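> need a 3D model of the sequence below.
(chains A and B)
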Amino acid sequence: MNKFRKLTTAIAVSLGTMSLTPIVSAETASSEDDVILSVPGVMPVGALEMTDEPGRWFKDPTDGDSLVVVKPGDAVLIKMTDVNAEHTITSLLWQPGAAKFPVDQDKPSSASVTQTFDKPGLYVFTCKVHPYMFGAVVVDDPNTEGLDLGSEIQLVTGAKVPTTSDIAKKLLRTFFVATTPSLWRDYSKPNWDLKLPSIPLNLGGTVISLDALNVSMPNKLSNPATPGVGEVWVNAQFETIKGKSKPGSATQVDAANWTIKKKVKGVDINMNNPHNMWTDRSYKYIYQTEWFDKRLVTFDRETGQIYGALTVGQSPSHVMSRPSDDSLTVALNGEDRVLKLTGGKHPTAQDSVNTGPNSGPHGHHVTHDGKYALTPNALAGSVSIVDLDSGQASTVPNVGVIPIAIWGDATDKAYVANLLGTPPLLSTLSVIDIKSKQKIKDIDLAADYDPISGKTTGEAYGLLPIQTPISPDGKYVVTANTLSATITITDTSTHKVVKSLPCEPGCHGVNFGMKKGGGYYAYVASKFANDLIVVDMDKLEVAGRVMLADAKDADIVGNNGMGGQGVLPLPVADHGWIEQTAKLAGSGQLSAEVESWLGALTTAQRGIELSGKIVQSEGKH
Amino acid sequence: MSLSCILRRTSSFLSSPLLLAIFFIPIAQAEYVPAKTDSVSGSTHRITLRAAPLPSGQFGYQMVSHKIQTAGGQTEDVTARYSDKPTIPGPAIVMTEGDVAEITLENGIPNTDQPVSLHVHGVHFDIRSDGTMKMLNGVADEAAFPGKPYTYKWTAAPGTAGTWPYHDHTFGNPMLGAEDKGLFGTLIVNPRSGKVPALINGKIEDVNVGDIKREFVLWMHETTFWGMEVNNILKGKQVPLWTNPTVGARLGEKVRFHVIGLGTAFHTFHLHGHRWLNPGTTHVVDTVNIGPISRDTFVVQAGEGVGTGDWHFHCHVIQHMQAGMMGDFKVVK
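This is a model prediction of the structure:
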């Protein structure tokens, strides 16, 4: 090229005509540019690779964390690298007014995104199917002091909040905790010290240090004074285990003495992110969903032997039986279906019911009479009422943002937790009338919380609710709130939050078990801690905190006892199921252990003294 | 006569058909002997490639040196054609049937003990140039370790004309390699005849390879096109086009597209306003199926019958279109 330029210049000079010179120089200056007509696309300067690895769900390949810092105008590639299921890449929060935002893939797939960022500030991505998979991009203007987070953040719910607000700081702290296993609350240590580095953060002009988000509190375990009856299965979904590339176990806790009986790890089948469980009426089998995968695992409750891992579909989240016949229903969170299967040792798929386009049903619930499966459609913001006999589904639209778990009571009411609330409410439980197929009301779980100052003025303090079962006596809804790390207890007669109890970072799973001598315990598991909280439902108080880590188990290589999600106490306390098991007492079909559990129950716990409504609905079926 | 000369004669006798006939004909199942390829007639490419990280944490191949020695003995250094940084896709290596290439791969990935390799499709190579680990090929770990380059030999034998992928087969996972992270590139073997069939002005004709002005390499990975232009007007100058680019040509220029798949997804490549020959057939198409590591190469005359404009190209799988898997074929006067 230089040679060509020199040559033409020489000719121009030799011609000596001033008039020609401008034309020639114009040609020579642009000659190479003129030949290349292509325009390159963006070159990503950063990457977030999605994985099934606990915490590292959006992993920066250069340093392994979940945060990429770029300059304005830069692009980041977000792709699915080491995942067994399909996901979405979706903006959870972003900078108001940023070009090409929000990012949202409406359906789970394997599609990647190359995103350009023009406006300085914080951007957080998640997956709508697995909404605690977090990855962040900070677009930092090098000319300003500190790391730019922007003055405001736009949330996917439509709310816009200042970055100096309490809610923004809570989201930021949760982001760092969720994505950094070393910051999880480990009860094998005397204290939980959440120590973040001292990095200046620029919140639209206000500069604070990241370590202002630090937390320190003592870790105190204690066994409930009154034992429970039976056992509690908890999915320690994030435990990393020798011989497996994928995380998670089903941890079996003895409710009589609060010790760990065993952990079912599924090494041979590389059990992947076990999320939720159910059982058959004789408590012989445990059915286990692999939420970041495609399978339903069946194992033996007593021996832990794996009987099979059946491919059922994308991201099976919850499994529940119909009490009437022990057949199974599995919500396919990465699809639009509830799958119906036979029960027993080797479940086989029979049929599926469509829950509507882009619905992504998550924590479904089967009604006590076995007639309906209720599905919270996380992606569609709706609830489906699935008639399990006819296969017909009716939809209650516009329930909330990411309805994630639902529970039907013995009447015709169901409560659904909306992870991101019902705008403008930040955090809600919606009450659904099953008969009229309508939403009756939204209960504001955070009515007593000021999102700007962080002040709480009453019990209603629950942010980002997840599992939300109704106590077997029908009196309370107990909700695990992951952002506020609280357990809220809502009175079903007044629809008011009557109690808010301290939980753990990543508070997630709740279910009821039997308290010895009568009454119930609510068992609460948390993703980013390794204790199981026991709540006494007679006193509405925390009765104890039980360890889920097994320090003696050398096969657990990391996150010991962490990742608490699905909780399955046995005997199943819910009406509809307990009666079916109680019927088998003395028939020889139950193990001696299960017989002894049933023998320890009060008549009320065995479901003999049922309310008129339950008897009626059972009769209908 | 020198000693080496004697040795050469002896060895040529040992491998002569006569000797082979004497010793091997009586044996019913003679060992398969690959056909000897005539490598003397073409050029020899001496190439040094490096696998290196990109700022994003992905990896790319980078051209360190490319010298071409013609059959006549002249050597031309064409390194300046290439980007001096690692790119995705990697450098497009252009050969002609009859050429051979000796490619030394350097491992430029810091803080790793993982080997990185070069596995090529389409051309001939012996088992030592397979670019796999011993656990797969049974012979050797054919990969570059940190500080230990590995040299491969490729022969663009007659019958290997076409566009072929090369990619890593070892990094991070000895069964898979890291092609998914950007370690892939393109080998273009032009036919010895110098002509390729194409649909020009509505008729099938043989186009001189020398008349192709621009080559657009488009890799289809997940939901992204990764592009590279080889500009023949500028003697093979390579322009990295990165993700979902605009490729540009002048009206009436003959340009060649090389579309290659990668990963797990299946794609349908569609270019608006243009038609081309399905290779080896007389079928005229405007959309082709592209699966992992399968490809289509075709020549079009830019804007033929339709004129200038921004001619959209994209994957026609709806979900991939929604994810932005598209670009622009800009045809200007």
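> for residue 215, give me its contacts.
Just going to use chain A. Neighbour list for A:V215: A:173, A:192-194 [criterion: Cβ atoms under 8 Å, 6 or more residues apart in numbering or on different chains]. Yep, even glycine has a C-beta here, placed from its N, CA and C like the rest.
> that's the wrong chain, I meant chain B
Neighbour list for B:E215: B:92, B:188, B:229-232, B:255-258 [criterion: Cβ under 8 Å, 6+ apart].
> any idea which of those residues is closest to A:D389?
B:F257 (56.0 Å; Cβ to Cβ).
> show the buried residues in the contacts of A:V215.
Taking 16 or more other Cβ atoms under 10 Å in any protein chain shown as the criterion, what is buried in the contacts of A:V215 is A:173, A:192, A:194.
> before we move on, back to that, turn the contacts of A:V215 into a markdown table, including pLDDT.
Shown next, in a markdown table, are the contacts of A:V215 (pLDDT from 0 to 100):
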| residue | pLDDT |
| --- | --- |
| A:R173 | 96 |
| A:W192 | 98 |
| A:D193 | 96 |
| A:L194 | 95 |
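> nearest to chain B, of those?
Lowest distance from chain B to the contacts of A:V215 (Cβ to the nearest Cβ) belongs to A:R173, with 25.9 Å.
> apart from its neighbours in sequence, what residue is nearest the residue in chain A positioned nearest to chain B?
Per Cβ to the nearest Cβ, A:L37 is where chain A lies closest to chain B, at 2.6 Å. In space, A:L37 comes closest to B:G248 once its chain neighbours are excluded; the distance is 2.6 Å by Cβ to Cβ, 6 or more residues apart in numbering or on different chains.
> ok, how many other residues are close to the one you found?
22 (other Cβ atoms under 10 Å in any protein chain shown).
> same check on B:G138?
Neighbours of B:G138 under the rule other Cβ under 10 Å: 8.
> how about the helices of chain B, start to end?
In chain B, the segments counted as helices under DSSP state H are B:3-14, B:17-24, B:134-137, B:318-322.
> up against chain B, what does chain A have?
Proximity of chain A to chain B is confined to A:1, A:32, A:35-47, A:49, A:60-62, A:75-77, A:79-81, A:105-107, A:109-114 under the rule Cβ under 8 Å from any Cβ of the partner chain.
> domain ranges for chain B, per the record?
For chain B, automatic domain parsing gives the domain ranges B:44-190, B:195-332.
> could I get the ones you listed as a markdown table with distance to A:E459 and mean pLDDT?
As requested, those are arranged in a markdown table below (distance: least, Cβ to Cβ, whole Å; pLDDT from 0 to 100):
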| stretch | distance to A:E459 | mean pLDDT |
| --- | --- | --- |
| domain B:44-190 | 46 | 96 |
| domain B:195-332 | 45 | 96 |
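> okay, those domains in a markdown table with distance to A:L483 next?
Shown next, in a markdown table, are these (distance: least, Cβ to Cβ, whole Å):
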| stretch | distance to A:L483 |
| --- | --- |
| domain B:44-190 | 30 |
| domain B:195-332 | 30 |
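> and these: which comes nearest A:T348?
domain B:195-332 (27.9 Å).
> can you give me phi and psi for A:G599?
In terms of degrees, to the nearest 10, the main-chain angles of A:G599 are phi -60, psi -20.
> what sits against it?
Per Cβ under 8 Å, 6+ apart, neighbours of A:G599: A:A585.
> B:D130 too?
B:119, B:136-137, B:139, B:142, B:169.
> distance of it from A:L194?
According to Cβ to Cβ, to the nearest Å, B:D130 and A:L194 sit 51 Å apart.
> contact partners for the residue nearest to A:G400 when sequence neighbours are not counted?
Distances taken as Cβ to Cβ, 6+ apart put A:N418 closest to A:G400, at 2.7 Å, once the chain neighbours are dropped. The contact partners of A:N418, taken as Cβ under 8 Å, 6+ apart, are A:399-404, A:427-430, A:442, A:465.
> the residue nearest to A:E579 when sequence neighbours are not counted sits in which helix or strand?
In this structure, A:E579 finds its nearest non-sequential neighbour in A:G607, 4.4 Å apart by Cβ to Cβ, 6+ apart. Under the assignment given by DSSP states H and E, A:G607 is not contained in any helix or strand.
> next, count neighbours for A:G607.
The burial count for A:G607: 23, using other Cβ under 10 Å.
> what of A:A554?
A:A554 is flanked by 8 other residues according to other Cβ under 10 Å.
> part of a helix, is it?
No: under the criterion used here (DSSP: H, G, I helix; E, B strand; the rest coil), A:A554 is coil, not part of a helix.
> give the contact list for it.
Neighbouring residues of A:A554 by Cβ under 8 Å, 6+ apart: A:K242.
> tell me the pLDDT of it.
A:A554 is assigned a pLDDT of 97 by the prediction.
> again, but for B:R8
Note for B:R8: predicted pLDDT of 45.
> how about stretch B:172-180: buried residues?
By 16+ other Cβ under 10 Å, the buried positions in stretch B:172-180 come out as B:172, B:174, B:177-180.
> and stretch B:211-220, by the same measure?
Going by neighbour count (16+ other Cβ under 10 Å), the buried part of stretch B:211-220 is B:212-220.
> what about the host helix or strand of A:L339, distance to the chain center?
Taking DSSP H and E as the criterion, A:L339 maps to strand A:337-341. Chain-centre distance of strand A:337-341: 21 Å, with Cα atoms, centre = their mean, to the nearest Å.
> who does it pair up with?
If you go by DSSP bridges, strand A:337-341 pairs up with strand A:328-332 (antiparallel), strand A:349-354 (antiparallel).
> in the shortest one, which residues are buried?
In this case it means strand A:328-332. Buried positions in strand A:328-332, judged by neighbour count with 16+ other Cβ under 10 Å: A:328-332.
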